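[1] Structure, please.
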Amino acid sequence: MKKNYILILTILLLFGISTEAQTATGVVTGVSSPTGLALNGNDLYVSESEGNKISKIDITATTPTATDVVTGLSRPDGLALNGNDLYIAESWDNKISKIDITATTPMATDVVTGLSSPCGLILNGNDLYIAEAYENKISKIDITAATPTVTDVVTGLSRPYALILNGNDLYIAEYLGNKISKIDITATSPTATDVVTGLDGPNGFALNGNDLYISEYYGNKISKIDITATSPTATDVATGLYRPYGLAINGNDLYISVYGADKISKINLPTLTINDFKTNIPFRLYPNPSNDFLQVSGLRTKENYKIINILGEEVKKGTISYEEKIEIKNLTKGLYFLNFEDGNTLKFIKK
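    Below is the predicted model:
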C-alpha cells in the first residue's frame with residue numbers, strides 16, 4: 001500500500017511538467033493521404049484516403065512498414081474500433097462499412113448508407129456517432145440493430161470533421177467554423193456550445209486526461225486545450241507539419257497522420273501522464289469522468305483489477321471482461337487509479 005502511495009504521489013508531482021512546441025519525428029512514409037487513425041494494441045490502423053484502403057503498422061517495429069488490411073474502399077476517413085470490428089467512414093460512398101480485423105482476408109460490409117460525406121466516428125456503447133460533414137450535422141446509429149436507422153443528434157454545425165467523447169460531452173471539430181464545440185449527448189435536444197475558437201481548420205482529435213489535442217490542418221500544427229478550463233486557450237504542441245489530420249495516443253506518444261506529406265509521424269507528449277505505468281497500454285476507459293460506471297475498451301481476456309484512491313488506499317477490486325462495466329456510483333468524487341494485475345494503470349475521475 002505504501003508503495004502505491006509513493007508511486008502515485010511521485011507521478012502527481014510530475015504531472016503538469018511541459019515543454020515548448022516540438023518537432024514531429026517520422027514513423028512511416030509512403031502512405032497515401034492518410035486521414036483516420038485507430039490503435040489496437042501495437043497495431044496502428046490507417047485510412048489511406050487516396051489509396052482507398054486501410055493499412056496498418058506495428059508501432060513497436062524498429063522500421064515500421066505499412067501493410068494492406070482491406071482495399072477497394074471509397075475515400076476512407078474516420079475509424080472506430082469495437083472489439084474485432086473496425087468501423088470505417090467511406091466519405092465518397094456516403095456510408096459506414098466495417099471489417100473483422102481478425103479475418104485472414106478482411107472484407108468490408110456495409111453498416112449504413114445514405115449519409116452525407118461521413119468523416120469522424122466515435123462509439124459510446126452501442127451508439128456510433130457520425131460527423132456528416134456536408135450536412136453540417138452529427139447523427140448516430142445503433143450498431144446492434146439488424147438494419148441501423150440514422151437519427152440526427154445535432155444540426156447547424158460548420159463542416160464537422162472529428163469527434164471525441166469525454167463522459168457525456170461530445171467534442172466536435174468544426175473545420176470551417178475554425179472552432180471546437182461540444183454537446184451533452186444525454187440532453188433531449190442537444191445544443192452545440194463553443195469550447196475554443198480562432199483555430200485554423202481543426203480536423204483531428206486525441207484526448208489525454210484533461211488535454212484535448214487538436215490537428216489544425218491549415219495551421220500545419222498540433223495544438224491542445226485544457227477542457228476543464230473556464231475559457232480554454234489553444235497552445236502549440238508541434239509545428240512545421242504539412243496538413244496534419246488524424247491523431248491517436250499510445251502511452252506518451254501522439255501519432256499524427258500527416259495528410260500533405262503522405263506519412264505518419266509522432267511526438268512525445270510534453271506532459272507526463274498517468275495513462276500507464278508501463279508502455280503500449282491497449283486499454284482505454286470510458287466514460288471518463290463518470291458518475292455511475294466505467295467500461296474498458298481493448299480487453300481480450302478477463303482482467304483482475306483494483307481501484308486505488310489518491311491516498312494509495314484500495315477502495316474496490318474485482319474482475320472485468322469485454323463489454324462488462326465497473327460500477328463506481330458508491331465512490332466519492334475525485335481522482336482514482338484503475339490498476340490491472342499486469343501493472344497497467346489508468347486514471348479516472350468520479351464526478
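[2] Name the surrounding residues that touch the helix or strand where Tyr255 lies.
    For Tyr255, the element it lies in under DSSP states H and E is strand 253-258. The contact list for strand 253-258 (CB atoms under 8 Å, 6 or more residues apart in numbering) reads 24, 27, 31, 34-37, 39, 44, 46-47, 59, 204, 206, 208, 213, 215, 222, 237-238, 241-249, 264-269. For the C-beta atoms, the positions are set from N, CA and C on the backbone; glycine is no exception.
[3] any idea of the mean pLDDT in that strand?
    Over the span of strand 253-258, the pLDDT mean works out to 94.
[4] now do stretch 156-171
    95.
[5] Quote the end-to-end distance of that stretch.
    15 Å (CA to CA, to the nearest Å).
[6] Can you point out the buried residues in it?
    157, 159-171 (16 or more other CB atoms under 10 Å).
[7] Pretty sure Asn124 sits against Tyr286.
    Yes: in this structure, Asn124 is within contact of Tyr286 by CB atoms under 8 Å, at 7.4 Å.
[8] Need the overlap of contacts for the two.
    In contact with both Asn124 and Tyr286: Leu165, using CB under 8 Å, 6+ apart.
[9] Okay, now the unreliable bits of the protein?
    Applying pLDDT under 70 to the chain picks out residues 1-23, 270-283, 298-300, 322-323, 342-343.
[10] Not counting sequence-adjacent ones, nearest residue to the spatially most central residue of the chain?
    What sits nearest the mean C-alpha location of the chain, by CA atoms, centre = their mean, is Ala206, with 4.9 Å. Nearest residue to Ala206, sequence neighbours excluded (CB to CB, 6 or more residues apart in numbering): Leu247, at 3.8 Å.
[11] Next, count neighbours for Pro64.
    For Pro64, the neighbour count with other CB atoms under 10 Å is 18.
[12] nope, Thr301 is what I was after
    What Thr301 shows, counting by other CB under 10 Å, is a neighbour count of 6.
[13] again, but for Gly125
    For Gly125, using other CB under 10 Å, the count is 14.
[14] Check the one 4 residues further on too.
    Using other CB under 10 Å, Tyr129 is surrounded by 23 other residues.
[15] picking up where we left off before, give me the sheet partners of the stretch of helix or strand the residue nearest to Ala206 belongs to and which way each runs.
    Secondary structure assigned from DSSP H and E places Leu247 in strand 244-250. With DSSP bridges as the test, strand 244-250 is paired with strand 253-258 (antiparallel).
[16] helices or strands up against the following helix or strand past the partner strand?
    Moving toward the C-terminus from strand 253-258, the next helix or strand (DSSP H and E) is strand 263-268. Here strand 263-268 touches strand 25-29, strand 34-40, strand 253-258, going by 3 or more CB pairs under 8 Å, 6 or more residues apart in numbering; DSSP states H and E.
[17] One more pass at 7 Å, please.
    With contacts taken as 3 or more CB pairs under 7 Å, 6 or more residues apart in numbering; DSSP states H and E, strand 263-268 sits against strand 25-29, strand 253-258.
[18] Residues touching the following helix or strand past it, excluding its own?
    For strand 263-268, the succeeding helix or strand toward the C-terminus, using DSSP H and E, is strand 284-286. Residues from elsewhere that reach strand 284-286 (CB atoms under 7 Å, 6 or more residues apart in numbering): Leu165, Leu294, Gln295, Val296, Ser297, Gly298, Leu338, Leu346, Phe348.
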